[in-house]
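**Q** have a look; sequence and predicted model below, questions after that.
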Amino acid sequence: MALTIFILRLVVYILAFPMYLLNFLGLWGWICKKCFPYFLVRFSETYNKQMASQKRELFSNLQEFQGPSGKLSLLEVGCGTGTNFKFYPPGCRVTCIDPNPNFERFLIKSLAENRHLQFEGFLVAAGENMCPVASGSMDVVVCTLVLCSVESQERILREVCRVLRPGGAFYFMEHVSAEPSTWNYFWQQVLEPIWYLLFDGCNLTRESWKPLERANFSQLKLKHMHAPLSWALVRPHIYGYAVK
């Protein structure tokens, strides 16, 4: 099996040589950062339709974590185009953070369509270093389809714990590695190198539940599921929330 994966990966590398060359020259990242938001707009619309019931379930108890002010202060890490806004409760104070500044124009459009929210601002920063966000200042942190592409899951989870107030919650929904010895896992292994380039650093084979289980949360409610998505490679999912 390992030899077959190696051979097929080699074929992928050969076929995708122009992309790897652009990446080596430092041009592919710039192209991807410019183009990826346009792809994500379309992908997010389809994802929301196919995952609507799961997202409603995930975010159904957000208001339980509102702070003493009576308002819910929420930080969305890797906010993308604002695809989660429609699932947040009225009056929610939303701060967005993403390392790609090209998402801002799409966020503005999403906010115009979700006037039930109170927008606090957009910060350009990586989730592993959210220094502009004060420690203990957030009731809730949300992260969906982000842990697959961050440089360090452990560092981003440490930052999440830092910015959450005691008793605050971290909500997540992520695609993950398939079960070993399945065809889905086989093709994830084969296609991961080209997938990583095409989808702005996304990894197909991360076992994201493991760093969540090791993180310093007092409670963790995590579910595995086979998501009802068109793309089989990203159907294995985890979702849930963790309490600081």
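**A** It's in.

**Q** which residues of the protein fall in strands?
**A** 73-77, 93-98, 118-124, 138-144, 164-175, 219-226, 236-243 (DSSP state E).

**Q** want to throw these into a markdown table with distance to residue 201 and mean neighbour count?
**A** (Glycine included, C-beta is placed from N, CA and C.) Below are the strands of the chain laid out as a markdown table (distance: least, Cβ to Cβ, whole Å; neighbours: other Cβ atoms under 10 Å):
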| stretch | distance to residue 201 | mean neighbour count |
| --- | --- | --- |
| strand 73-77 | 15 | 26 |
| strand 93-98 | 13 | 23 |
| strand 118-124 | 16 | 15 |
| strand 138-144 | 15 | 26 |
| strand 164-175 | 14 | 21 |
| strand 219-226 | 23 | 12 |
| strand 236-243 | 19 | 20 |
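
**Q** residue 185: which of the ones you listed is closest?
**A** strand 236-243 (8.6 Å; Cβ to Cβ).

**Q** give me the mean pLDDT for the closest one.
**A** Mean pLDDT, computed over strand 236-243, is 97.

**Q** in its sheet, what does that strand sit against?
**A** strand 164-175 (antiparallel), strand 219-226 (antiparallel) (DSSP bridges).

**Q** in the protein, which residue is most central in space?
**A** residue 146 (2.0 Å; Cα atoms, centre = their mean).

**Q** got the contact list for it?
**A** Contact analysis of residue 146 by Cβ atoms under 8 Å, 6 or more residues apart in numbering lists 77-78, 127, 156, 174.

**Q** next one: residue 184
**A** Taking Cβ under 8 Å, 6+ apart, we find residue 184 in contact with 178, 232-233, 235-236.

**Q** separate out the buried members of those residues.
**A** For the contacts of residue 184, a burial check counting by 16 or more other Cβ atoms under 10 Å picks out 178, 233, 235-236.

**Q** give me the below-cutoff pLDDT ranges for the chain.
**A** For the chain, applying pLDDT under 70 flags no range at all.

**Q** surely residue 236 meets residue 177?
**A** Yes. Counting by Cβ atoms under 8 Å, residue 177 is a contact partner of residue 236 at 6.6 Å.

**Q** my guess is residue 172 contacts residue 221, does it?
**A** No. Residue 172 is not in contact with residue 221 according to Cβ under 8 Å; the separation is 10.4 Å.

**Q** nearest to residue 183, out of the strands paired with strand 236-243?
**A** Judging the strands paired with strand 236-243 by Cβ to Cβ, what sits closest to residue 183 is strand 219-226, at 13.6 Å.

**Q** pull the residues that contact that closest one.
**A** 54, 176, 209, 212-213, 235-243.

**Q** which one among the residues you listed gets closest to residue 165?
**A** The closest of these to residue 165 turns out to be residue 243 (Cβ to Cβ; 11.0 Å).

**Q** in the sheet, who's paired with the closest one?
**A** residue 169, residue 219.

**Q** ok, it touching residue 165?
**A** No. Using Cβ under 8 Å as the test, residue 243 is too far from residue 165 to be in contact (11.0 Å).

**Q** before we move on, back to that, need the max-distance pair from the contacts of strand 219-226.
**A** Top of the distance list for the contacts of strand 219-226 (Cβ to Cβ): 235 and 243, 27.6 Å.

**Q** which stretches of this protein form helices?
**A** With DSSP state H as the criterion, the chain has helices at 2-15, 17-24, 28-50, 52-58, 104-112, 153-163, 183-198, 209-214.

**Q** residue 95 is nearest to which of these?
**A** Using Cβ to Cβ, the nearest of the helices of the chain to residue 95 is helix 153-163, at 9.6 Å.
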